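**Q** sharing a model prediction with you, sequence too.
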Amino acid sequence: MSDTTTSGIISVSGVTKKFGATQALNDVNVRVDRGEVVVLLGLSGSGKSTLLRHLNGLEFPTSGTVEVLGENVPALGPKGLRALRGRVGMIFQQFELVPSLTALENVLTGGLGALSGPRLGLWAYPRAMKVTALTHLDRVGLLDRAYHRADQLSGGQQQRVAIARALMQSPEILLADEPVASLDPESSNQVMALIREIAADDGLTVVCSLHQVDIALDWGDRIVGLRHGEVVLDTPATGLSKAEVMEIYGRVTTSTAEFAAIEAELAAVRVTTADAEQPSDLDDAR
Ligand SMILES: Nc1ncnc2c1ncn2[C@@H]1O[C@H](COP(=O)(O)OP(=O)(O)OP(=O)(O)O)[C@@H](O)[C@H]1O
């Protein structure tokens, strides 16, 4: 195991990933240092999820290397992968909670890796673990919802439960796959602010996929832009403008209003940029 205290704790080198005829990633090189908060930005289908999933061994590269926390991920066996996933928490667009369980029970499932065998019901978890789970629920502002079923919580609340569940692992890295894609703007802001706050307090390294340029620019330390499986941008977020991002991307948006605004921005960018994307590419990027 290599020393990861001062160097990059994530190193993706020359990674190509094919799913049959689909090339999801093409010669991707990304390095992330401890404590960095990195956004993977890109349109739907650009390869963000696939790249994230390589970082905890949910996918393996067709070629290239993936090192996380000093481990050569594709070379890990089941035991090594379990150990790695204990150090790398993940949250998802659709939260992935068990709807019929309470918020507290869902959070407790995040600690299952430290126990032997399955646990059915609250009574089956050690008291100290329940206290820890309640502490995490308090941290995400949901202590008063501990005994509510997950499917009775709002989307934003469910994502906060999912964050608390990830915290049960005391992760060193948090992977967030489009964590606010299903949320309204207010809940999105709350969830993104919460992730940032926890990252700062705990010294967490965060890699978060997003397709909203505005959120990415306001939130990340660094933006890694993907397009058709290739890294087309890797730069600090500070000082980066939306027009610069759009120049590289073509079109990245979710809402109709923003779509119109970006089209206008794009039109301006297209006439001033020699290597601007061709309309057919932009159509392709929709
Ligand atoms: N398990 C799979 N089998 C086949 N093709 C896949 C698989 N996973 C991803 N792909 C394909 O790989 C490409 C990249 O997908 P990926 O989900 O990584 O993109 P994304 O940027 O995360 O998009 P989205 O935000 O819509 O999830 C897409 O063309 C997708 O259809």
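**A** That came through fine.
**Q** for whichever residue of the stretch 151-286 of the chain sits closest to the ligand, give its distance to Gly229.
**A** Residue of the stretch 151-286 of the chain nearest the ligand, by C-beta to the nearest ligand atom: Glu178 (5.6 Å). Every residue, glycine included, has its C-beta placed from N, CA and C. Here Glu178 is placed at a distance of 17 Å from Gly229 (C-beta to C-beta, to the nearest Å).
**Q** the two: who's more crowded?
**A** Each of Glu178 and Gly229 has its neighbours counted (other C-beta atoms under 10 Å); Gly229 has more, 23 against 20.
**Q** that one and Gln23 touch, don't they?
**A** Yes. Between Gly229 and Gln23 there is a contact under C-beta atoms under 8 Å: 5.6 Å.
**Q** now do the shared contacts for these two.
**A** Common neighbours of Gly229 and Gln23 (criterion: C-beta atoms under 8 Å, 6 or more residues apart in numbering): Lys17.
**Q** so where do the strands sit in the stretch 51-200 of the chain?
**A** Assigned by DSSP state E, counting those that start in this stretch, the strands in the stretch 51-200 of the chain fall at 63-68, 71-72, 88-91, 173-177.
**Q** was I right about Leu52 contacting Val39?
**A** No. Between Leu52 and Val39 there is no contact under C-beta under 8 Å: 11.3 Å.
**Q** overlap in contacts, those two.
**A** Common neighbours of Leu52 and Val39, using C-beta under 8 Å, 6+ apart, are Ser209.
**Q** between these two, which one's more packed in?
**A** Between Leu52 and Val39, counting by other C-beta under 10 Å, Val39 is the more crowded of the two (25 against 21).
**Q** please report phi then psi for the more buried one.
**A** With angles defined as degrees, to the nearest 10, Val39 sits at phi -100, psi 130.
**Q** which residues touch it?
**A** Val39 makes contacts with Cys208, Ser209, Leu210, Ala216, Trp219, Gly220, Arg222, Ile223, Val224, Ala237, as judged by C-beta under 8 Å, 6+ apart.
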